[in-house]
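**Student:** Predicted coordinates and the sequence they were generated for:
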Amino acid sequence: MAAAAATTGAAPAGDKVDWRLATPLGLTYLVFFAAPFLILLGISFYADAEQTRLGLDSWLKFYTDRFYLKVIWDTLKLGIFAVIATTLLAYPLALVYRAASPTWQRVLLFIILMPLLTSVVIRTFAWIVILAREGVVNQTLMGLGLTATPLNLLQTELGLVIALTQIEMPLMLLPLLTIMNQMDQNLVDASRALGASKWRTFFRVILPLTLPGWIAGATLVFASATTAFISQSVIGGARLVYLPSLIWQQSMVVYNWPFAAVASLTLLFTVLAGIMALSWLGRFARTT
Amino acid sequence: MSQRSTPADVSFNLTVGAIAIVAILILIGPVLIVIATSFTTTQALRFPPPGLSLRWYGELFDPVRSAPIHTAALNSVWVAGWATVIGSVLSVLAALAITRVARPSARALEASFLSPLVLPTLSYGLAALMFFSVMGIRPSLNLLIAGHLVVIAPFVFRTTLASLTQLDPALLEASANLGASRFYSFRRITLPLIAPGIAAGAFLAFIASMDNVPVSLFLSTARTSMLPIRMWGMMESTLDVRIAAIAGVLIVATLVLMVVMDRLTGLTRRMSA
C-alpha cells in the first residue's frame, strides 16, 4: 500500500503506465480503420474492373470525364447550400434560445434534439410525404390556389436542399447554442449602450464572437450533407447523381472496384478540402 | 431593456422571430407528420390521413408478414449493443490515457480518435468492404460490429474526455496520499464521477449505430440485413406505410430512452454545453 502510494504520488499525471491504456483503441483503429483506407488506396491503382493490371487508368478516367467532374462539383455545391440554409435558419433560432427563459430553453433544446435522435432514414421518409405530388406542400399550395398543377419537388435539387436543411440543422444548432451561452452579455450590452442598433450589434459583435461555434457546426453540416447517401438517392432520385450514389453504384451494381475506390477517395478529399477551407476561414477571421 | 426601440430594432426582432418560427416548424413538422401518417387507414401516404386506425402497426407486428423487418431490427439492436459495449470500454481506456497529457503526440492521437466523426463514413464503408474481402473474411454480424465500432467509438471518447477534464485532480491526489492504489482510486473516485459522461456518450453511440447507413450499406448482406438498409429498400420499391409505423415505434422508443438518459446523465445539458 505504502509503495503504491509512493509511486502514485511521485508519478505525474499522464505517466508511462497511463499511455498503454490507449493501445487497445489505437490498435483497433489501425486494423479496422487505417488498414482499410490503405487497401482502398491500393485498389484505386488497378487499371481494370477485374483487377488484373496496375495503372492510373481509373484515376485518369474519373478526372478527365466532364460527367464525373460535374458530380464532384454538384456534391460540393450541395454541401455549400446545406451550410448556407442551416446558417440562415439556425442563427435566429439560436438568438431566440439565448433570450428565452430557462423553461423555454429546455423546450427549445428538446425540439432541436428530437430530429437529431430520429433516424436519418425516417427524416428522409418524412420529406417524401411532404414533398410528393400529393404531399403536404402541394396540397397547401393548390388549396390556396397558388398553383393549379402539383409542383415536382421530389428529384429536384431544391427539394433535396430543403430536406437536408431539416436533417442537418441540429448539427449546426448545437455548437451555436453552446457558444452563445458562453458569450459575454456585457459586450452585447455595451454595444447597445453605445447606440448601435440590434442589426449592427449582431453583425459587429455577436457574429464575430460566435464564429468558432459556426465553424464547428458548418464543418459537421458540410461533412454530413455531402455524404447523406439515403437522402440523396431517395429524394434526389436517379436523375441527380452525387459522389455517394456514384460510389455505391460503381461498387455494388457495376462491380468496378478500382473506379469506386477513386470516387470514394475523391469524396474523402472533397470533405477534407471543405473542412480545411472552413478552419482556414476561422483562422483568417480571428486575425482580422 | 430600457432603451427605446428604434425602427431598426423592431425590424431585427421581427426578422429573427419570424425565421426562428420557420426553423422550429421545419425541425419538428416532419416528425409530427410521419407520426400522424402512421395512423392512417389507407394504403396511400396522405397527410392529413383520411381516417385513423392502428392498421399499419398491426401489419408491422405481424410475425409472418413482417418477419424480414423483425430480423433486421434484431440484427441492428445486436450490432449496436455489442459495438457500443466494446467501443465504450476501449474509448474510456483511451480517454484515461490521453487526458491531461499536454504532449503534441497526445493531441494528435485525440484528433485521430475523433476523426471518424467528420471523415465521410461512406468512404470508410467501402474501404471496410474491400479490406474484409481482400482478407478473405466472409460477411457476418461480427464484421458489422467491427465496422460500426470504429465509427461510433468517438462519441464515447469525446464525452468521457470532457468529463475527465472537469475532474478535480486534487481528489485523486488526496486518494493517493491516503494510501489508495491507482486502481482503487479509479474505481472509487474517477469512475463514479465520469460515469454520467460515459453513459451519455454510450447512448449517442448506440443511436448512431442503430441509425448507421454508410457502413451497413457495404457490410450487410441479405443474410445479415440491418434495419435502416431494409427501410431504404422499402422506400425505393413501394412506399409501404409500415415505414411510418416503424418510424412511430422508433420515435417513441428514442423519446423514452432520451427522457431516462436525461434524468440519469443530464444528456440534453451535456449536448449543448
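**Tutor:** Perfect, thanks for sending it. A quick note: this is a predicted structure, and the numbers were derived from the prediction, not measured.
**Student:** Just give the nearest non-adjacent residue to B:I251, would you?
**Tutor:** The spatially closest residue to B:I251, leaving aside those adjacent along the chain, is A:T118, at 5.8 Å (Cβ to Cβ, 6 or more residues apart in numbering or on different chains). Yep, even glycine has a C-beta here, placed from its N, CA and C like the rest.
**Student:** The one you found against B:V31, yeah?
**Tutor:** Yes: proximity of A:T118 to B:V31 meets the contact threshold set by Cβ atoms under 8 Å, at 5.8 Å.
**Student:** what residues are shared contacts of these two?
**Tutor:** Residues touching both A:T118 and B:V31 (Cβ atoms under 8 Å, 6 or more residues apart in numbering or on different chains) are B:I251.
**Student:** So these two - more neighbours on which side?
**Tutor:** A:T118 (24 against 19; other Cβ atoms under 10 Å in any protein chain shown).
**Student:** Provide a list of residues in contact with that one.
**Tutor:** A:T118 sits next to B:V31, B:A247, B:L250, B:I251, B:T254 when contact means Cβ under 8 Å, 6+ apart.
**Student:** ranking those by neighbours, who comes first?
**Tutor:** Top of those by neighbour count (other Cβ under 10 Å): B:A247, with 24 neighbours.
**Student:** Quick one: residues contacting that one.
**Tutor:** B:A247 neighbours (Cβ under 8 Å, 6+ apart): A:T118, A:S119, A:I122, A:F125, A:A126, B:V34, B:I35, B:S38.
**Student:** helix/strand/coil for the fourth one?
**Tutor:** Read that as A:F125. helix (DSSP: H, G, I helix; E, B strand; the rest coil).
**Student:** Please identify the helix or strand for the nearest residue to it once chain neighbours are set aside.
**Tutor:** Nearest residue to A:F125, sequence neighbours excluded (Cβ to Cβ, 6+ apart): B:I243, at 5.4 Å. Per DSSP states H and E: B:I243 is located in helix B:242-265.
**Student:** check whether whichever strand or helix holds B:S88 contacts chain A.
**Tutor:** Per DSSP H and E: B:S88 is located in helix B:67-98. Yes: contact between helix B:67-98 and chain A, assessed by Cβ under 8 Å from any Cβ of the partner chain, occurs at B:L90, B:S91, B:L93, B:A94, B:L96, B:A97, B:I98.
**Student:** Equivalent analysis for stretch B:219-234, please.
**Tutor:** Yes: judged by Cβ under 8 Å from any Cβ, stretch B:219-234 and chain A are in contact via B:P228, B:M231, B:W232.
**Student:** The first one reaches B:S76, doesn't it?
**Tutor:** Pointing back at B:P228 there. Yes: B:P228 is within contact range of B:S76, at 7.4 Å (criterion: Cβ under 8 Å).
**Student:** List the residues that are in contact with both of those two.
**Tutor:** B:M210.
**Student:** sorry, back to before: I'd like the distance between the residue nearest to A:F125 and B:I251.
**Tutor:** 12 Å (Cβ to Cβ, to the nearest Å).
**Student:** which residues touch the residue nearest to A:F125?
**Tutor:** A:I122, A:F125, B:M231, B:M234, B:M235.
**Student:** Quick check: A:L141 touching A:L151?
**Tutor:** Yes: with contacts counted by Cβ under 8 Å, A:L141 reaches A:L151, the gap being 6.8 Å.
**Student:** show me where pLDDT drops low in chain A?
**Tutor:** A:1-17, A:286-288 (pLDDT under 70).
**Student:** hey, which helix is longest across it?
**Tutor:** What stands out as the longest helix in chain A, according to DSSP state H, is helix A:66-99.
**Student:** I'd like the next helix or strand past that helix.
**Tutor:** helix A:102-116.
**Student:** Show me which residues of that next one are buried.
**Tutor:** For helix A:102-116, the neighbour count (16 or more other Cβ atoms under 10 Å in any protein chain shown) marks A:Q105, A:L108, A:L109, A:I111, A:I112, A:L113, A:M114, A:P115, A:L116 as buried.
**Student:** and A:I39, how many neighbours does it have?
**Tutor:** Neighbours of A:I39 under the rule other Cβ under 10 Å: 20.
**Student:** again with the one 3 residues further on
**Tutor:** The local packing count at A:G42 equals 14, with neighbours defined by other Cβ under 10 Å.
**Student:** is it true that B:V77 touches B:M210?
**Tutor:** Yes: with contact defined as Cβ under 8 Å, B:V77 counts as touching B:M210 (7.3 Å).
**Student:** Which one of the two is surrounded by more residues?
**Tutor:** Taking neighbours as other Cβ under 10 Å, B:V77 and B:M210 compare with B:M210 leading, 24 against 14.
**Student:** any idea of the pLDDT on the closest residue to that one other than its chain neighbours?
**Tutor:** Nearest residue to B:M210 in three dimensions, chain neighbours excluded: B:A80, at 4.8 Å (Cβ to Cβ, 6+ apart). B:A80 carries a pLDDT value of 96.
**Student:** distance of B:A80 from B:D211?
**Tutor:** In terms of Cβ to Cβ, B:A80 sits 9 Å off from B:D211.
**Student:** mind checking how far A:V271 is from chain B?
**Tutor:** Computed as Cβ to the nearest Cβ, to the nearest Å, the A:V271 to chain B distance reads 5 Å.
**Student:** Just the element for that residue, please.
**Tutor:** Under the criterion of DSSP H and E, A:V271 resides in helix A:257-287.
**Student:** What are the buried residues along that helix?
**Tutor:** By 16+ other Cβ under 10 Å, the buried positions in helix A:257-287 come out as A:257-268, A:270-271, A:274-275, A:278, A:282.
**Student:** likewise stretch B:64-78?
**Tutor:** The neighbour-count check on stretch B:64-78 (16+ other Cβ under 10 Å) flags B:S66, B:I69, B:T71, B:A72, B:A73, B:N75, B:S76 as buried.
**Student:** Look up how far A:T75 lies from the fifth one.
**Tutor:** Summarising the geometry, the distance separating B:A73 from A:T75, computed by Cβ to Cβ, is 32 Å.
**Student:** The second one now?
**Tutor:** With the distance defined as Cβ to Cβ, B:I69 ends up 32 Å from A:T75.
**Student:** again, but for the first one
**Tutor:** Relative to A:T75, B:S66 is positioned 36 Å away (Cβ to Cβ).
**Student:** what do you get for the third one?
**Tutor:** Distance check for B:T71 against A:T75: by Cβ to Cβ, it reads 34 Å.
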